[in-house]
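Student: sequence plus the predicted model coming up.
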Amino acid sequence: MTYLITSSDAESGTIETLPKTEGLTLVNANDLANSNLKFTTRDKICITSEAAIEVVLKRLEDEARTNAIIALKDKYKFRQLLTKIYSDYTFEKVALAEIANLTIKEKSVIKPSKGCFGAAVKIIDTDTDMKRLETEIKEELDKNGAVFSEVVLSKNEFILESFIEGEEYAVDMFYDENGQPNITNIYYHPIPKQAAYLHMIYYTSQAIFQKIYDKAIQFFTQLNEILKVRNFMIHGEFKLNANTLLPIEMNCMRYGGMGLGNLTYHAFGVNPYTCFINNQAPNWNEIWANQPDSNSIFAFFVAYNGQTIDKTTHKPNIAKLKKQFTKVILETIFDYQQQLAFGTFYLKETPANLERLLAIEFDDYFEAI
């Protein structure tokens with residue numbers, strides 16, 4: 001059996017944009033917790049959100065995947081694991097109460113040991129006001145804590161690690177029944193002008209695949225020499241530095257969140273969950289050869305709630321936002337009162353317009369109710 005575990009604590013997007021998938025059984029995490037269902041080594045499990053991990057672990061009768069989930073979900077344990085591949089990387093555990101008194105000697109990143117949606121992830125250096133930073137992190141945790149539980153977002157445990165220079169990429173993949181890596185999409189993740197909108201845009205193209213694919217396959221092959229898992233999804237985040245692909249974090253049992261993983265289907269007509277079920281990766285050479293334009297770019301866009309908008313008095317102006325896009329393939333609108341964003345969009349875009357979109361201030365796309 002192949003199960004997709006959903007959760008009421010999950011961010012919206014994945015289920016709303018999920019194509020019809022034969023052989024995929026949807027199970028709510030609360031129903032799973034109240035059932036006698038167990039997952040054997042032969043079952044395949046994927047999730048829509050980190051919020052479902054805890055209940056899955058309690059039902060998973062597979063030591064290799066259990067150990068992999070525990071190692072990958074905790075960023076500190078993940079860094080310990082990676083020392084077998086990258087020996088010169090520095091990192092340490094930090095409690096929230098210790099942040100104000102930290103002495104920073106180099107450009108670094110501090111982030112929750114368990115995290116989601118870029119919440120409370122901060123780049124710091126020798127000039128950072130650490131007391132002010134602690135206050136900012138507390139405020140951000142309070143805001144995001146209303147949406148994400150402690151299982152998804154750590155409120156006290158942080159990891160302080162070296163900052164990795166380079167451009168950011170993400171990879172959706174799965175290990176098949178033989179433990180071999182199969183890639184279902186690769187995305188470039190440009191950084192927007194406003195840091196608060198960190199995950200606003202991811203996009204894919206043939207050029208991106210040519211740059212990253214072989215490096216990603218090599219990393220995931222090395223990783224599974226350690227994990228030794230089969231039938232296991234990962235959404236991996238990386239930096240490309242001097243032609244070396246360096247891992248930032250691995251999110252287990254899922255593709256990219258909020259529907260990012262479904263871009264493969266809405267752009268190319270290839271269902272990534274069917275690939276997982278059938279142990280068959282997309283034929284990327286064929287996919288790119290069939291594109292009418294070799295420069296085609298397909299993007300995933302998250303429409304955030306504005307930074308200063310009062311949601312009790314204002315609502316998103318979706319029509320105004322859509323005028324900024326080149327071509328909308330699919331739109332999914334959320335309840336902005338309950339989510340951190342008001343929707344996601346699958347787009348066919350141009351390089352010039354992507355640059356313009358990166359400068360968006362979402363405050364400008366809200367209007368009085």
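Tutor: That came through fine.
Student: following the helix or strand containing L246, which helix or strand comes up?
Tutor: Per DSSP states H and E: L246 is located in strand 244-252. Scanning forward in sequence from strand 244-252 by DSSP H and E, the next helix or strand is helix 263-268.
Student: which strands or helices does that next one pack on?
Tutor: strand 181-189, strand 201-204, strand 297-304, strand 327-333, strand 341-349 (3 or more Cβ pairs under 8 Å, 6 or more residues apart in numbering; DSSP states H and E). C-beta coordinates here come from the backbone N, C-alpha and C atoms, glycine included.
Student: tell me the average confidence for the third one?
Tutor: Same thing as strand 297-304. For strand 297-304, mean pLDDT rounds to 97.
Student: next, the angle strand 341-349 makes with that strand.
Tutor: 160 degrees (axes from the mean of the first three to the mean of the last three Cα atoms, to 10 degrees).
Student: also the first one?
Tutor: Angular relation of strand 181-189 and strand 341-349 on a 0 to 180 degree scale: 100 degrees, by the same axes, to 10 degrees.
Student: who are the packing partners of strand 181-189?
Tutor: Counting by 3+ Cβ pairs under 8 Å, 6+ apart, strand 181-189 packs on strand 167-175, strand 201-204, helix 206-227, helix 263-268, helix 272-278.
Student: among those, which is nearest L81?
Tutor: helix 206-227 (6.2 Å; Cβ to Cβ).
Student: just checking, what packs against the helix or strand following that closest one?
Tutor: Sequence order places strand 232-241 as the next helix or strand after helix 206-227, per DSSP H and E. If you count contacts as 3+ Cβ pairs under 8 Å, 6+ apart, strand 232-241 packs onto helix 63-73, strand 167-175, helix 206-227, strand 244-252.
Student: okay, the ones you listed in CSV with mean pLDDT and distance to Q324 next?
Tutor: Converted to CSV, the helices and strands packed on strand 232-241 look like this (pLDDT from 0 to 100; distance: least, Cβ to Cβ, whole Å):
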stretch, mean pLDDT, distance to Q324
helix 63-73, 93, 36
strand 167-175, 97, 23
helix 206-227, 96, 22
strand 244-252, 92, 29
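Student: and the ones you listed: which comes nearest N156?
Tutor: Nearest to N156, of the helices and strands packed on strand 232-241 and by Cβ to Cβ, is helix 63-73 at 16.1 Å.
Student: same question for that closest one: list its buried residues.
Tutor: For helix 63-73, the neighbour count (16 or more other Cβ atoms under 10 Å) marks 65-66, 68-69, 71-73 as buried.
Student: same deal with stretch 190-199?
Tutor: Applying 16+ other Cβ under 10 Å to stretch 190-199 flags 190, 192, 194, 197-199 as buried.
Student: likewise for stretch 286-301?
Tutor: Counting neighbours by 16+ other Cβ under 10 Å, stretch 286-301 gives 287-288, 297-301 as buried.
Student: many thanks, I have nothing further to ask.
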